[in-house]
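Colleague: fold the stuff below for me.
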Amino acid sequence: MGMWSIQHSLLRIHHSVQKVANMCDVHTWKCQRVGKWLKRAGFPQYVQSFTQEHRIDGMALLSLTEMDLRSPPLELKVLGDIKRLMLAIRKLQRENQYHLAITQRLENGTRLRHREFMQGNGSDFAESDGFTHSDDSSSENRVYIPTFKPEIWKTVISFLYVFLVFLVTAFVMVIVHDRVPDREKFPPLPDLFLDSVPRIPWAFVMCEITGLVLCAIWCIVLLLHKHRFILMRRMFALTGTVFMLRCLTMLMTSLSVPGDHLECSGKLYGDFWTRLHRAFVIWSGLGMTLTGVHTCGDYMFSGHTVVLTLLNHFITEYTPRNMYTLHISSWVMNLFGIFFILAAHEHYSIDVFIAFYISSRLFLYYHTLANNRVLKHGDKDRTRAWFPLFSFFESEVDGIVPNEYEWPFPIPSIFMENEENDM
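Modeller: Numbers count the residues shown, from 1 in each chain. So this is what the prediction gives:
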(Lines give C-alpha, C1' and ligand atoms only; values in the text may rest on other atoms or scores of the structure.)
Protein backbone atom coordinates (compact mmCIF):
# COMPACT_ATOMS: atom_id res chain seq x y z
CA MET A 1 0.00 0.00 0.00
CA GLY A 2 2.84 2.36 0.91
CA MET A 3 4.70 1.67 -2.35
CA TRP A 4 1.54 2.36 -4.34
CA SER A 5 1.12 5.71 -2.54
CA ILE A 6 4.70 6.69 -3.37
CA GLN A 7 4.25 5.77 -7.04
CA HIS A 8 0.93 7.61 -7.16
CA SER A 9 2.56 10.72 -5.65
CA LEU A 10 5.41 10.54 -8.17
CA LEU A 11 2.88 10.25 -10.97
CA ARG A 12 1.02 13.33 -9.76
CA ILE A 13 4.28 15.29 -9.55
CA HIS A 14 5.21 14.11 -13.03
CA HIS A 15 1.79 15.12 -14.34
CA SER A 16 2.17 18.60 -12.80
CA VAL A 17 5.61 19.02 -14.33
CA GLN A 18 4.26 17.93 -17.68
CA LYS A 19 1.55 20.60 -17.48
CA VAL A 20 4.22 23.26 -16.97
CA ALA A 21 6.43 21.75 -19.65
CA ASN A 22 3.56 21.54 -22.13
CA MET A 23 3.15 25.31 -21.93
CA CYS A 24 6.57 25.60 -23.59
CA ASP A 25 6.34 22.49 -25.82
CA VAL A 26 3.26 23.19 -27.93
CA HIS A 27 5.43 22.85 -31.04
CA THR A 28 5.72 19.11 -30.30
CA TRP A 29 1.96 18.50 -30.08
CA LYS A 30 0.36 16.04 -32.47
CA CYS A 31 -3.11 16.60 -33.92
CA GLN A 32 -4.65 14.46 -31.17
CA ARG A 33 -3.07 16.67 -28.49
CA VAL A 34 -4.44 19.79 -30.22
CA GLY A 35 -7.90 18.20 -30.09
CA LYS A 36 -7.60 17.64 -26.35
CA TRP A 37 -6.52 21.26 -25.90
CA LEU A 38 -9.54 22.47 -27.88
CA LYS A 39 -11.86 20.45 -25.64
CA ARG A 40 -10.31 21.84 -22.45
CA ALA A 41 -10.45 25.37 -23.87
CA GLY A 42 -14.18 25.01 -24.49
CA PHE A 43 -14.27 24.43 -28.27
CA PRO A 44 -15.11 20.73 -28.74
CA GLN A 45 -17.20 21.55 -31.81
CA TYR A 46 -14.04 22.39 -33.78
CA VAL A 47 -11.99 19.31 -32.90
CA GLN A 48 -12.89 17.36 -36.04
CA SER A 49 -12.34 20.32 -38.35
CA PHE A 50 -8.94 21.19 -36.83
CA THR A 51 -7.48 17.73 -36.30
CA GLN A 52 -9.02 15.48 -38.95
CA GLU A 53 -10.01 17.70 -41.85
CA HIS A 54 -7.09 20.16 -41.71
CA ARG A 55 -4.51 18.21 -39.65
CA ILE A 56 -3.50 21.13 -37.44
CA ASP A 57 -0.69 20.09 -35.09
CA GLY A 58 1.18 22.16 -32.48
CA MET A 59 3.34 24.08 -34.96
CA ALA A 60 0.34 24.90 -37.14
CA LEU A 61 -1.66 25.96 -34.08
CA LEU A 62 1.04 28.41 -33.02
CA SER A 63 1.10 30.02 -36.46
CA LEU A 64 -2.69 30.58 -36.75
CA THR A 65 -4.00 34.13 -37.06
CA GLU A 66 -7.48 35.56 -36.72
CA MET A 67 -7.62 35.83 -40.51
CA ASP A 68 -6.97 32.07 -40.75
CA LEU A 69 -9.96 31.40 -38.49
CA ARG A 70 -12.25 33.71 -40.48
CA SER A 71 -11.27 32.68 -44.02
CA PRO A 72 -11.44 29.39 -45.89
CA PRO A 73 -10.73 26.60 -45.37
CA LEU A 74 -11.46 26.88 -41.61
CA GLU A 75 -14.03 29.67 -42.05
CA LEU A 76 -15.48 29.79 -38.52
CA LYS A 77 -18.92 31.44 -38.52
CA VAL A 78 -19.50 32.46 -34.89
CA LEU A 79 -17.78 35.78 -34.09
CA GLY A 80 -17.63 35.11 -30.34
CA ASP A 81 -15.93 31.75 -30.93
CA ILE A 82 -13.40 33.39 -33.25
CA LYS A 83 -12.46 36.01 -30.67
CA ARG A 84 -12.30 33.61 -27.71
CA LEU A 85 -10.35 30.99 -29.63
CA MET A 86 -7.89 33.62 -30.87
CA LEU A 87 -7.31 34.82 -27.30
CA ALA A 88 -6.51 31.25 -26.23
CA ILE A 89 -4.15 30.79 -29.19
CA ARG A 90 -2.39 34.09 -28.45
CA LYS A 91 -1.80 32.92 -24.90
CA LEU A 92 -0.08 29.80 -26.25
CA GLN A 93 1.93 31.96 -28.64
CA ARG A 94 3.17 34.17 -25.80
CA GLU A 95 4.23 31.12 -23.80
CA ASN A 96 6.03 29.66 -26.82
CA GLN A 97 7.69 32.69 -28.38
CA TYR A 98 11.04 30.93 -28.64
CA HIS A 99 9.84 28.12 -30.92
CA LEU A 100 7.40 30.41 -32.70
CA ALA A 101 10.31 32.66 -33.67
CA ILE A 102 12.17 29.76 -35.27
CA THR A 103 9.03 28.62 -37.11
CA GLN A 104 8.37 32.05 -38.54
CA ARG A 105 11.97 32.45 -39.70
CA LEU A 106 11.97 29.04 -41.36
CA GLU A 107 8.69 29.82 -43.14
CA ASN A 108 9.96 33.18 -44.37
CA GLY A 109 13.27 31.65 -45.47
CA THR A 110 15.22 34.81 -44.60
CA ARG A 111 18.47 35.19 -42.72
CA LEU A 112 18.15 36.37 -39.15
CA ARG A 113 19.67 39.77 -38.44
CA HIS A 114 22.06 40.59 -35.61
CA ARG A 115 19.62 42.83 -33.81
CA GLU A 116 16.58 40.53 -33.93
CA PHE A 117 15.67 39.02 -30.61
CA MET A 118 12.48 37.86 -29.00
CA GLN A 119 11.02 39.10 -25.74
CA GLY A 120 10.26 36.83 -22.79
CA ASN A 121 11.59 33.33 -23.47
CA GLY A 122 12.71 34.21 -26.99
CA SER A 123 16.28 34.25 -28.22
CA ASP A 124 18.82 36.52 -29.81
CA PHE A 125 20.05 35.28 -33.14
CA ALA A 126 23.02 36.21 -35.25
CA GLU A 127 25.13 34.78 -38.04
CA SER A 128 27.38 31.99 -36.87
CA ASP A 129 29.03 28.79 -38.04
CA GLY A 130 25.97 26.50 -38.12
CA PHE A 131 22.86 27.03 -40.22
CA THR A 132 19.63 25.21 -40.95
CA HIS A 133 18.75 25.35 -44.65
CA SER A 134 15.32 25.70 -46.20
CA ASP A 135 14.39 24.08 -49.50
CA ASP A 136 16.26 26.81 -51.33
CA SER A 137 19.95 26.21 -50.64
CA SER A 138 21.03 29.77 -51.43
CA SER A 139 22.91 31.72 -48.76
CA GLU A 140 20.01 34.14 -48.34
CA ASN A 141 17.79 31.33 -47.08
CA ARG A 142 20.07 30.13 -44.31
CA VAL A 143 18.64 30.35 -40.82
CA TYR A 144 20.66 29.98 -37.64
CA ILE A 145 19.00 27.89 -34.93
CA PRO A 146 20.58 28.11 -31.45
CA THR A 147 21.71 24.97 -29.67
CA PHE A 148 22.09 24.36 -25.95
CA LYS A 149 24.59 21.62 -25.22
CA PRO A 150 24.66 20.43 -21.59
CA GLU A 151 28.49 20.06 -21.52
CA ILE A 152 28.49 18.25 -18.19
CA TRP A 153 32.29 18.31 -18.01
CA LYS A 154 32.23 22.11 -17.94
CA THR A 155 29.66 22.00 -15.15
CA VAL A 156 32.02 19.77 -13.16
CA ILE A 157 34.84 22.27 -13.71
CA SER A 158 32.61 25.14 -12.54
CA PHE A 159 31.75 23.14 -9.41
CA LEU A 160 35.45 22.55 -8.69
CA TYR A 161 36.00 26.30 -9.18
CA VAL A 162 33.40 27.35 -6.61
CA PHE A 163 34.52 24.51 -4.31
CA LEU A 164 38.08 25.88 -4.34
CA VAL A 165 36.89 29.47 -3.90
CA PHE A 166 34.90 28.51 -0.79
CA LEU A 167 38.00 26.86 0.67
CA VAL A 168 40.05 29.99 -0.01
CA THR A 169 37.29 32.17 1.45
CA ALA A 170 37.22 30.14 4.67
CA PHE A 171 41.00 30.43 5.06
CA VAL A 172 40.93 34.17 4.34
CA MET A 173 38.24 34.62 7.00
CA VAL A 174 40.59 33.02 9.55
CA ILE A 175 43.43 35.31 8.50
CA VAL A 176 41.17 38.35 8.72
CA HIS A 177 40.02 37.29 12.17
CA ASP A 178 43.60 37.63 13.43
CA ARG A 179 43.63 41.20 12.08
CA VAL A 180 40.39 42.33 13.75
CA PRO A 181 40.95 45.82 15.25
CA ASP A 182 40.79 46.02 19.04
CA ARG A 183 37.31 47.20 20.06
CA GLU A 184 38.80 49.26 22.90
CA LYS A 185 40.73 51.37 20.40
CA PHE A 186 38.40 51.04 17.40
CA PRO A 187 34.72 51.02 18.40
CA PRO A 188 31.99 50.28 15.81
CA LEU A 189 31.85 52.79 12.97
CA PRO A 190 28.89 55.20 12.72
CA ASP A 191 26.07 53.60 10.72
CA LEU A 192 22.71 55.17 9.95
CA PHE A 193 20.71 51.92 10.20
CA LEU A 194 22.58 50.22 13.05
CA ASP A 195 22.50 53.38 15.18
CA SER A 196 18.75 53.75 14.65
CA VAL A 197 17.44 50.17 14.93
CA PRO A 198 17.93 48.10 18.12
CA ARG A 199 19.57 44.72 17.65
CA ILE A 200 17.26 41.69 17.24
CA PRO A 201 19.18 38.59 18.49
CA TRP A 202 17.22 36.01 16.47
CA ALA A 203 17.24 37.96 13.19
CA PHE A 204 20.40 36.39 11.76
CA VAL A 205 18.98 32.89 12.20
CA MET A 206 15.87 34.02 10.32
CA CYS A 207 18.11 35.31 7.53
CA GLU A 208 19.71 31.90 7.15
CA ILE A 209 16.34 30.13 7.23
CA THR A 210 15.17 32.45 4.45
CA GLY A 211 18.27 31.54 2.47
CA LEU A 212 17.57 27.83 2.92
CA VAL A 213 14.02 28.29 1.62
CA LEU A 214 15.33 30.08 -1.49
CA CYS A 215 17.94 27.36 -1.93
CA ALA A 216 15.26 24.64 -1.75
CA ILE A 217 13.18 26.43 -4.42
CA TRP A 218 16.23 26.79 -6.65
CA CYS A 219 17.06 23.08 -6.28
CA ILE A 220 13.53 22.19 -7.41
CA VAL A 221 13.91 24.49 -10.44
CA LEU A 222 17.24 22.84 -11.29
CA LEU A 223 15.71 19.38 -10.95
CA LEU A 224 12.88 20.12 -13.36
CA HIS A 225 14.61 22.44 -15.85
CA LYS A 226 15.55 20.84 -19.15
CA HIS A 227 18.84 22.79 -19.35
CA ARG A 228 19.81 22.21 -15.71
CA PHE A 229 23.53 21.76 -16.40
CA ILE A 230 23.82 25.18 -18.04
CA LEU A 231 22.00 26.73 -15.07
CA MET A 232 24.25 24.99 -12.54
CA ARG A 233 27.33 26.08 -14.47
CA ARG A 234 26.23 29.70 -14.39
CA MET A 235 25.35 29.54 -10.71
CA PHE A 236 28.75 28.09 -9.77
CA ALA A 237 30.65 30.52 -12.00
CA LEU A 238 28.90 33.64 -10.68
CA THR A 239 28.99 32.56 -7.03
CA GLY A 240 32.67 31.66 -7.21
CA THR A 241 33.58 34.95 -8.89
CA VAL A 242 31.72 37.13 -6.37
CA PHE A 243 33.22 35.27 -3.41
CA MET A 244 36.70 35.52 -4.92
CA LEU A 245 36.22 39.28 -5.13
CA ARG A 246 35.04 39.19 -1.52
CA CYS A 247 38.28 37.47 -0.49
CA LEU A 248 40.29 40.31 -2.01
CA THR A 249 38.28 43.04 -0.30
CA MET A 250 38.52 41.29 3.07
CA LEU A 251 42.31 41.02 2.78
CA MET A 252 42.73 44.64 1.72
CA THR A 253 40.78 46.35 4.51
CA SER A 254 39.90 45.19 8.03
CA LEU A 255 37.00 47.02 9.64
CA SER A 256 36.11 47.23 13.30
CA VAL A 257 33.24 44.91 14.22
CA PRO A 258 29.76 46.47 13.79
CA GLY A 259 28.47 45.58 17.27
CA ASP A 260 29.61 44.92 20.83
CA HIS A 261 27.72 41.63 20.86
CA LEU A 262 30.39 40.14 18.57
CA GLU A 263 33.02 38.68 20.86
CA CYS A 264 36.12 38.93 18.70
CA SER A 265 39.67 38.57 19.93
CA GLY A 266 42.54 38.65 17.49
CA LYS A 267 45.51 36.27 17.23
CA LEU A 268 43.53 33.16 18.15
CA TYR A 269 44.74 31.17 15.14
CA GLY A 270 48.43 32.07 14.89
CA ASP A 271 49.67 28.56 14.04
CA PHE A 272 49.23 27.53 10.37
CA TRP A 273 47.66 24.15 11.16
CA THR A 274 45.31 25.75 13.67
CA ARG A 275 44.25 28.20 10.97
CA LEU A 276 43.78 25.39 8.50
CA HIS A 277 41.62 23.42 10.93
CA ARG A 278 39.51 26.51 11.70
CA ALA A 279 39.11 27.18 7.97
CA PHE A 280 37.89 23.61 7.47
CA VAL A 281 35.30 24.09 10.25
CA ILE A 282 34.01 27.28 8.58
CA TRP A 283 33.97 25.67 5.14
CA SER A 284 32.23 22.47 6.25
CA GLY A 285 29.56 24.51 8.03
CA LEU A 286 29.10 26.81 4.99
CA GLY A 287 29.78 29.77 7.28
CA MET A 288 26.28 29.53 8.78
CA THR A 289 25.39 30.04 12.42
CA LEU A 290 22.76 27.30 12.02
CA THR A 291 25.62 24.82 11.63
CA GLY A 292 27.44 26.14 14.68
CA VAL A 293 29.90 28.40 12.83
CA HIS A 294 30.61 31.76 14.49
CA THR A 295 32.99 34.17 12.79
CA CYS A 296 33.94 37.81 13.00
CA GLY A 297 36.12 40.08 10.96
CA ASP A 298 34.68 39.16 7.55
CA TYR A 299 32.76 42.38 7.09
CA MET A 300 33.74 43.49 3.60
CA PHE A 301 31.22 42.58 2.12
CA SER A 302 28.21 40.44 3.19
CA GLY A 303 28.39 36.85 1.95
CA HIS A 304 24.85 36.10 3.14
CA THR A 305 23.54 38.96 1.00
CA VAL A 306 25.42 37.59 -2.02
CA VAL A 307 23.82 34.16 -1.67
CA LEU A 308 20.31 35.55 -1.09
CA THR A 309 20.55 37.90 -4.07
CA LEU A 310 21.95 35.36 -6.52
CA LEU A 311 19.35 32.75 -5.53
CA ASN A 312 16.57 35.29 -6.02
CA HIS A 313 17.84 36.32 -9.46
CA PHE A 314 18.30 32.74 -10.66
CA ILE A 315 14.81 31.73 -9.48
CA THR A 316 13.11 34.66 -11.21
CA GLU A 317 15.18 34.24 -14.39
CA TYR A 318 14.62 30.52 -14.92
CA THR A 319 10.97 30.07 -14.02
CA PRO A 320 7.99 30.88 -16.29
CA ARG A 321 7.22 34.59 -16.60
CA ASN A 322 3.62 34.08 -15.50
CA MET A 323 4.60 32.70 -12.06
CA TYR A 324 4.07 36.10 -10.48
CA THR A 325 3.44 34.77 -6.98
CA LEU A 326 6.74 32.87 -6.96
CA HIS A 327 8.70 35.84 -8.27
CA ILE A 328 7.19 38.29 -5.78
CA SER A 329 7.79 35.82 -2.94
CA SER A 330 11.40 35.39 -4.02
CA TRP A 331 12.02 39.13 -3.99
CA VAL A 332 10.29 39.52 -0.63
CA MET A 333 12.48 36.80 0.89
CA ASN A 334 15.58 38.42 -0.61
CA LEU A 335 14.76 41.83 0.88
CA PHE A 336 13.62 40.44 4.22
CA GLY A 337 16.82 38.39 4.44
CA ILE A 338 18.85 41.57 3.95
CA PHE A 339 16.77 43.32 6.60
CA PHE A 340 17.41 40.45 9.04
CA ILE A 341 21.17 40.77 8.50
CA LEU A 342 21.05 44.44 9.43
CA ALA A 343 18.59 43.89 12.28
CA ALA A 344 21.03 41.37 13.79
CA HIS A 345 23.83 43.98 13.53
CA GLU A 346 26.05 41.41 11.82
CA HIS A 347 27.14 43.73 9.01
CA TYR A 348 27.39 47.43 8.33
CA SER A 349 24.77 48.83 5.96
CA ILE A 350 27.44 49.57 3.35
CA ASP A 351 28.49 45.88 3.39
CA VAL A 352 24.96 44.78 2.55
CA PHE A 353 24.43 47.47 -0.08
CA ILE A 354 27.70 46.69 -1.89
CA ALA A 355 27.02 42.94 -1.77
CA PHE A 356 23.55 43.38 -3.27
CA TYR A 357 24.79 45.77 -5.95
CA ILE A 358 27.76 43.68 -7.04
CA SER A 359 25.78 40.41 -7.08
CA SER A 360 22.81 41.79 -9.02
CA ARG A 361 24.93 43.79 -11.50
CA LEU A 362 27.26 40.87 -12.19
CA PHE A 363 24.27 38.57 -12.73
CA LEU A 364 22.65 41.01 -15.17
CA TYR A 365 25.92 41.76 -16.96
CA TYR A 366 26.74 38.06 -17.34
CA HIS A 367 23.30 37.26 -18.77
CA THR A 368 23.32 40.28 -21.06
CA LEU A 369 26.51 38.98 -22.64
CA ALA A 370 25.27 35.39 -22.69
CA ASN A 371 21.89 36.25 -24.22
CA ASN A 372 23.18 38.56 -26.94
CA ARG A 373 25.33 36.92 -29.59
CA VAL A 374 26.38 40.28 -31.02
CA LEU A 375 27.91 41.35 -27.70
CA LYS A 376 29.43 37.94 -27.01
CA HIS A 377 31.02 37.44 -30.43
CA GLY A 378 31.53 41.08 -31.47
CA ASP A 379 35.05 41.18 -30.01
CA LYS A 380 36.03 37.67 -29.00
CA ASP A 381 39.63 38.52 -28.13
CA ARG A 382 38.65 41.23 -25.67
CA THR A 383 35.97 39.01 -24.14
CA ARG A 384 38.49 36.19 -23.66
CA ALA A 385 40.99 38.59 -22.06
CA TRP A 386 38.60 40.29 -19.63
CA PHE A 387 36.15 37.44 -19.00
CA PRO A 388 38.01 34.16 -19.53
CA LEU A 389 35.61 32.11 -17.39
CA PHE A 390 32.62 33.50 -19.26
CA SER A 391 34.19 32.77 -22.65
CA PHE A 392 34.99 29.21 -21.58
CA PHE A 393 31.67 28.31 -19.95
CA GLU A 394 29.42 30.02 -22.53
CA SER A 395 31.27 29.14 -25.74
CA GLU A 396 28.63 26.59 -26.82
CA VAL A 397 25.51 28.36 -25.49
CA ASP A 398 23.63 30.30 -28.17
CA GLY A 399 21.15 32.95 -27.10
CA ILE A 400 18.68 32.97 -24.23
CA VAL A 401 18.24 29.58 -22.58
CA PRO A 402 14.52 28.74 -23.00
CA ASN A 403 12.57 27.83 -19.88
CA GLU A 404 11.67 24.27 -20.78
CA TYR A 405 10.91 21.64 -18.15
CA GLU A 406 10.89 17.88 -17.90
CA TRP A 407 10.47 15.17 -15.28
CA PRO A 408 14.05 13.84 -14.84
CA PHE A 409 13.18 10.34 -13.62
CA PRO A 410 11.66 7.48 -15.62
CA ILE A 411 8.03 6.64 -14.92
CA PRO A 412 6.77 3.03 -15.30
CA SER A 413 4.89 2.56 -18.56
CA ILE A 414 1.71 1.45 -16.80
CA PHE A 415 1.50 4.81 -15.04
CA MET A 416 2.22 6.67 -18.26
CA GLU A 417 -0.71 4.90 -19.90
CA ASN A 418 -2.98 5.94 -17.04
CA GLU A 419 -1.79 9.52 -17.41
CA GLU A 420 -2.55 9.56 -21.12
CA ASN A 421 -6.03 8.25 -20.45
CA ASP A 422 -6.60 11.03 -17.89
CA MET A 423 -5.56 13.64 -20.46
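Colleague: quick one, grab the pLDDT at the residue nearest to residue 291 when sequence neighbours are not counted.
Modeller: Distance criterion C-beta to C-beta, 6 or more residues apart in numbering; nearest residue to residue 291, sequence neighbours excluded, is residue 285 at 3.6 Å. (Each C-beta comes from the backbone N, C-alpha and C, glycine too.) Looking at residue 285, its pLDDT stands at 80.
Colleague: then residue 277?
Modeller: Looking at residue 277, the pLDDT reads 79.
Colleague: and for it, the neighbour number?
Modeller: A count of nearby residues for residue 277, using other C-beta atoms under 10 Å, gives 12.
Colleague: then residue 185?
Modeller: Per other C-beta under 10 Å, the neighbour tally for residue 185 reads 7.
Colleague: per-domain residue ranges of this structure.
Modeller: 2-109, 152-371 (automatic domain parsing).
Colleague: got CSV for those, with distance to residue 384 too?
Modeller: Listed next are the domains of the chain as CSV, based on distance: least, C-beta to C-beta, whole Å:
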stretch, distance to residue 384
domain 2-109, 28
domain 152-371, 12
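Colleague: and the contacts of stretch 58-74?
Modeller: 25-30, 33-34, 37, 49-50, 53-54, 56, 76, 82, 85-86, 89, 92-93, 96, 99-100, 103-104, 107 (C-beta atoms under 8 Å, 6 or more residues apart in numbering).
Colleague: what does stretch 190-197 give?
Modeller: By C-beta under 8 Å, 6+ apart, the surrounding residues in contact with stretch 190-197 are 188, 258-259, 342-343, 345, 348-350.
Colleague: quick one: residues contacting the nearest residue to residue 210 once chain neighbours are set aside.
Modeller: With sequence-adjacent residues excluded and distances taken as C-beta to C-beta, 6+ apart, residue 210 is closest to residue 337, at 4.2 Å. Counting by C-beta under 8 Å, 6+ apart, residue 337 touches 207, 210-211, 214, 304-305, 308.
Colleague: dead centre of the protein: give me the residue that sits there.
Modeller: residue 314 (3.0 Å; C-alpha atoms, centre = their mean).
Colleague: element containing that one, please.
Modeller: Using DSSP states H and E, residue 314 maps to helix 303-317.
Colleague: now for that helix, which elements pack on it?
Modeller: helix 203-224, helix 228-252, helix 324-343, helix 349-371 (3 or more C-beta pairs under 8 Å, 6 or more residues apart in numbering; DSSP states H and E).
Colleague: out of these, nearest to residue 175?
Modeller: Smallest distance to residue 175 across these (C-beta to C-beta): 7.2 Å, for helix 228-252.
Colleague: report the buried residues of the closest one.
Modeller: The neighbour-count check on helix 228-252 (16 or more other C-beta atoms under 10 Å) flags 228-244, 246-247, 249-250 as buried.
Colleague: any idea of the pLDDT on residue 173?
Modeller: Taking residue 173 on its own, its pLDDT is 85.
Colleague: just residue 9 next, same as before
Modeller: Per-residue confidence (pLDDT) for residue 9: 54.
Colleague: could you do residue 89 as well?
Modeller: 87.
Colleague: gap between it and residue 252?
Modeller: 58 Å (C-beta to C-beta, to the nearest Å).
Colleague: the bottom helix or strand of this protein by mean pLDDT?
Modeller: strand 132-133 (a mean of 42; mean pLDDT, DSSP states H and E).
Colleague: how much space separates residue 216 from residue 318?
Modeller: Following C-beta to C-beta, the distance that separates residue 216 from residue 318 is 15 Å.
Colleague: of these two, who's got more company?
Modeller: Comparing residue 216 with residue 318 by other C-beta under 10 Å, the one with more neighbours is residue 318, at 21 against 11.
Colleague: so how far is residue 393 from that one?
Modeller: 16 Å.
Colleague: which residues touch the closest residue in space to residue 309 that isn't next to it in sequence?
Modeller: Nearest non-adjacent residue to residue 309, counting by C-beta to C-beta, 6+ apart: residue 359, 4.1 Å away. By C-beta under 8 Å, 6+ apart, the contact list for residue 359 reads 238, 242, 305-306, 309-310, 313.
Colleague: neighbours of residue 93, just the number please.
Modeller: Using other C-beta under 10 Å, the number of residues around residue 93 comes to 18.
Colleague: wait, is it part of a strand?
Modeller: No: judged by DSSP: H, G, I helix; E, B strand; the rest coil, residue 93 forms no part of a strand; its state is helix.
Colleague: pLDDT wise, what is it at?
Modeller: At residue 93, pLDDT is 78.
Colleague: what's the burial count for the closest residue to residue 224 other than its chain neighbours?
Modeller: Of all residues not flanking residue 224 in the chain, residue 405 sits nearest, at 4.8 Å (C-beta to C-beta, 6+ apart). The number of residues packed near residue 405 is 24, by other C-beta under 10 Å.
Colleague: all strands of this structure, in order?
Modeller: 132-133, 142-143 (DSSP state E).
Colleague: still on that earlier bit, right, and the residue nearest to residue 224 touches residue 225 too?
Modeller: Yes: Residue 405 lies in contact with residue 225 (C-beta atoms under 8 Å); the separation is 6.0 Å.
Colleague: which stretches of the stretch 151-300 of the chain have low pLDDT?
Modeller: 263, 265-270, 297-298 (pLDDT under 70).
Colleague: circling back to that earlier point, let's have the contacts of stretch 190-197 in JSON lines, adding distance to residue 154 and neighbour count.
Modeller: Listed next are the contacts of stretch 190-197 as JSON lines, based on distance: C-beta to C-beta, whole Å; neighbours: other C-beta atoms under 10 Å:
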{"residue": "188", "distance to residue 154": "44", "neighbour count": "17"}
{"residue": "258", "distance to residue 154": "39", "neighbour count": "22"}
{"residue": "259", "distance to residue 154": "42", "neighbour count": "16"}
{"residue": "342", "distance to residue 154": "37", "neighbour count": "26"}
{"residue": "343", "distance to residue 154": "40", "neighbour count": "21"}
{"residue": "345", "distance to residue 154": "41", "neighbour count": "24"}
{"residue": "348", "distance to residue 154": "37", "neighbour count": "26"}
{"residue": "349", "distance to residue 154": "38", "neighbour count": "17"}
{"residue": "350", "distance to residue 154": "36", "neighbour count": "17"}
